[in-house]
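Visitor: My questions concern the predicted model and sequence given below.
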Amino acid sequence: DMKVTQMPRYLIKRMGENVLLECGQDMSHETMYWYRQDPGLGLQLIYISYDVDSNSEGDIPKGYRVSRKKREHFSLILDSAKTNQTSVYFCASSLNWGTYEQYFGPGTRLTVL
Amino acid sequence: GEKVEQHESTLSVREGDSAVINCTYTDTASSYFPWYKQEAGKSLHFVIDIRSNVDRKQSQRLIVLLDKKAKRFSLHITATQPEDSAIYFCAASMSNNRIFFGDGTQLVVKP
């Protein structure tokens, strides 16, 4: 069963705290993505990972970093979280990049107080 | 880079009617156009796509049309049902490049 998982599903943090969002996939997909979704703004791409240790910035990378040490895991890190990083974060994976279907995780709702 | 615009932010139809969601893109090099559906409180999932070598594709009640000259594509949902209510995202991609999403269209199917 093809699946993308995200942990945690809900998270509340205080401004200045560090945040770690985890994503996993069981499809051996090469490419993984981190998006954030805010009301009325659609999906904004934060980072793309083309494979282990091969990551590229998306449209809004400032304030975020990523780590991909295994093909099936992709982490999003917020060092010193800010209130404007309150959002819903989606991880996705695809067999390859571009013209392949993306499989999305269930999302993580992050609130930064 | 590519910019994808969805013309309708919200669309309301009666159950059984057809719904049409229109999108435009800017880069003539785009060749892959997927559509994703997001039900309330849930994640996105793929529903249908079309590639630039065809101008029409159908999957059950979903029809996608592509007009490369006008850089326009659309999703037609026929015989709408309440479970079609969701946010629909169109997207565009060039070969071996990232996917660019539109901002979404909220479709409401009224009984």
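Guide: Perfect, I can see it now. Numbering: from 1, shown residues only, chains lettered A, B, ... in the order given.
Visitor: Show me where chain B has its strands.
Guide: Ranges of strands within chain B are B:4-6, B:10-14, B:19-25, B:30-38, B:44-51, B:56-59, B:62-67, B:72-77, B:86-94, B:99-101, B:105-110, based on DSSP state E.
Visitor: is chain B contacted by stretch A:71-91?
Guide: Yes. Counting by CB under 8 Å from any CB of the partner chain, chain B has neighbours in stretch A:71-91: A:F90. C-beta coordinates here come from the backbone N, C-alpha and C atoms, glycine included.
Visitor: would you list the strands of chain B in JSON lines and tack on distance to A:M15, mean neighbour count and mean pLDDT?
Guide: Output for the strands of chain B, formatted as JSON lines (distance: least, CB to CB, whole Å; neighbours: other CB atoms under 10 Å in any protein chain shown; pLDDT from 0 to 100):
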{"stretch": "strand B:4-6", "distance to A:M15": "33", "mean neighbour count": "20", "mean pLDDT": "95"}
{"stretch": "strand B:10-14", "distance to A:M15": "34", "mean neighbour count": "14", "mean pLDDT": "97"}
{"stretch": "strand B:19-25", "distance to A:M15": "37", "mean neighbour count": "20", "mean pLDDT": "98"}
{"stretch": "strand B:30-38", "distance to A:M15": "29", "mean neighbour count": "22", "mean pLDDT": "95"}
{"stretch": "strand B:44-51", "distance to A:M15": "29", "mean neighbour count": "18", "mean pLDDT": "96"}
{"stretch": "strand B:56-59", "distance to A:M15": "46", "mean neighbour count": "12", "mean pLDDT": "98"}
{"stretch": "strand B:62-67", "distance to A:M15": "44", "mean neighbour count": "17", "mean pLDDT": "98"}
{"stretch": "strand B:72-77", "distance to A:M15": "40", "mean neighbour count": "20", "mean pLDDT": "98"}
{"stretch": "strand B:86-94", "distance to A:M15": "30", "mean neighbour count": "24", "mean pLDDT": "94"}
{"stretch": "strand B:99-101", "distance to A:M15": "29", "mean neighbour count": "25", "mean pLDDT": "91"}
{"stretch": "strand B:105-110", "distance to A:M15": "32", "mean neighbour count": "17", "mean pLDDT": "97"}
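Visitor: Now tabulate these in a markdown table and tack on distance to chain A.
Guide: Compiled in a markdown table, the strands of chain B are given as follows (distance: least, CB to the nearest CB, whole Å):
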| stretch | distance to chain A |
| --- | --- |
| strand B:4-6 | 8 |
| strand B:10-14 | 11 |
| strand B:19-25 | 12 |
| strand B:30-38 | 4 |
| strand B:44-51 | 5 |
| strand B:56-59 | 13 |
| strand B:62-67 | 14 |
| strand B:72-77 | 15 |
| strand B:86-94 | 5 |
| strand B:99-101 | 5 |
| strand B:105-110 | 10 |
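Visitor: Distance to A:Y100 added to these, as JSON lines?
Guide: As requested, the strands of chain B are arranged in JSON lines below (distance: least, CB to CB, whole Å):
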{"stretch": "strand B:4-6", "distance to A:Y100": "17"}
{"stretch": "strand B:10-14", "distance to A:Y100": "28"}
{"stretch": "strand B:19-25", "distance to A:Y100": "18"}
{"stretch": "strand B:30-38", "distance to A:Y100": "9"}
{"stretch": "strand B:44-51", "distance to A:Y100": "10"}
{"stretch": "strand B:56-59", "distance to A:Y100": "16"}
{"stretch": "strand B:62-67", "distance to A:Y100": "17"}
{"stretch": "strand B:72-77", "distance to A:Y100": "18"}
{"stretch": "strand B:86-94", "distance to A:Y100": "9"}
{"stretch": "strand B:99-101", "distance to A:Y100": "9"}
{"stretch": "strand B:105-110", "distance to A:Y100": "23"}
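Visitor: That's all I had, so thanks and see you.
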